[in-house]
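> sequence first, predicted coordinates after that:
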Amino acid sequence: MLSAFPQWVRAKLPTVWSEEQIESIIHAVDTTTATGKRDYAIVLMGARLGLRIGDMLNLTMNDIDWENKLISIIQGKTKEPLTLPLPDDVGWALINYLKNGRPETDCPNIFVVHNAPYKGSPFKSTLRHNISKILKRAGISVDRSRHYGWHSLRHSDPQVAKHYLRVDLDGLAKCALEVEVMDYVRQ
C-alpha cells in the first residue's frame, strides 16, 4: 500500500523564469529613482542569490562583508545560517542604492520605506505592486494561476528551484519497475 501523499497548502506551481526573462526583468527596473535603485538591488539579490524577500528586507550593513565579498545571514524562515558570495553587480547595486537612493535614516535595515519617517522595511504590498510594474515594463505577461511576486525570482537559481520540486529520488527509485525486454526489441 502506498503511503498518503502530503498535501501542501499552496497548490500554485512556482514560476521559473528563463535566463532571458530574468535579464529582461533586471533591465526593466527604472534605476533613475530612489525606489528604483532599491528595487534594482532587490531584483538582483533575488535573481543572483536566491534570497527570500523577507531575508532581503531584514538585511543590515552588519550582514555584508565588503572586503571578502560575502553576505551572511540567519534565514528568517528556517533559522539556518547562510553565507553567500556577493556578486559584483549585486554589490554595485547595493552601493548605488546606499549612496544615491536610500533616505537618511537611523534604521539598521539596508532597504527602508521611502516615505517619512523612513523607518522599517518597505511594505510587501508596495513591493508586490513594484514587481508587477517591472514585469509589465519587461513585457512579461503573467499567468495569474502562477506565483509571480518577488519570491518567484528565487526560482531562477536551479539549486533554489530544486527545493520547490520536492522530489525524493531515492523514494522514486524504490517504485521503479523492471522492464522486460522483448526479443523483437533486441533485433
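Perfect, I can see it now.

> tell me where the chain has strands.
All strands of the chain, identified by DSSP state E, fall at 64-65, 70-74, 81-85.

> TSV please, covering those and showing mean neighbour count and distance to residue 17.
Yep, even glycine has a C-beta here, placed from its N, CA and C like the rest. Formatted as TSV, the strands of the chain follow (neighbours: other Cβ atoms under 10 Å; distance: least, Cβ to Cβ, whole Å):
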stretch	mean neighbour count	distance to residue 17
strand 64-65	16	25
strand 70-74	16	21
strand 81-85	13	19
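
> how about these, which one is nearest residue 115?
Residue 115 lies closest to strand 64-65 among the strands of the chain, at 25.0 Å (Cβ to Cβ).

> how much space separates residue 61 from residue 113?
Going from residue 61 to residue 113 by Cβ to Cβ, to the nearest Å gives 17 Å.

> pick out whichever of these two has more residues nearby.
Under the neighbour definition other Cβ atoms under 10 Å, residue 61 and residue 113 were set side by side, and residue 113 has more, 19 against 11.

> give the residue spans of this structure that score low on pLDDT.
Where the chain drops to pLDDT under 70, the residues are 1-16, 125, 144-173, 175-187.

> top helix in it by residue count?
What stands out as the longest helix in the chain, according to DSSP state H, is helix 34-49.

> which residues touch residue 38?
Applying Cβ atoms under 8 Å, 6 or more residues apart in numbering, one finds that residue 38 lies in contact with 97, 101-102, 111, 114, 122.

> so which of those residues belong to helices?
Those of these mapping onto helices are residue 97, per DSSP H.

> the residue lying closest to residue 61 once chain neighbours are set aside and residue 55, how far apart?
Nearest residue to residue 61, sequence neighbours excluded (Cβ to Cβ, 6 or more residues apart in numbering): residue 110, at 6.6 Å. According to Cβ to Cβ, residue 110 and residue 55 sit 11 Å apart.

> any of the contacts of residue 38 buried? List them.
For the contacts of residue 38, a burial check counting by 16 or more other Cβ atoms under 10 Å picks out 97, 101-102, 111, 122.

> with distance to residue 32 added, can I get these in TSV?
Listed next are the buried ones among the contacts of residue 38 as TSV, based on distance: Cβ to Cβ, whole Å:
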residue	distance to residue 32
97	13
101	10
102	15
111	18
122	18
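
> quick one: which of these is nearest to residue 50?
Taking Cβ to Cβ as the measure, residue 50 lies nearest residue 111 of the buried ones among the contacts of residue 38, at 17.0 Å.

> is it correct that the closest one is in contact with residue 121?
Yes: counting by Cβ atoms under 8 Å, residue 121 is a contact partner of residue 111 at 6.1 Å.

> any shared contact partners between the two?
Common contact partners of residue 111 and residue 121 (Cβ under 8 Å, 6+ apart): residue 57.
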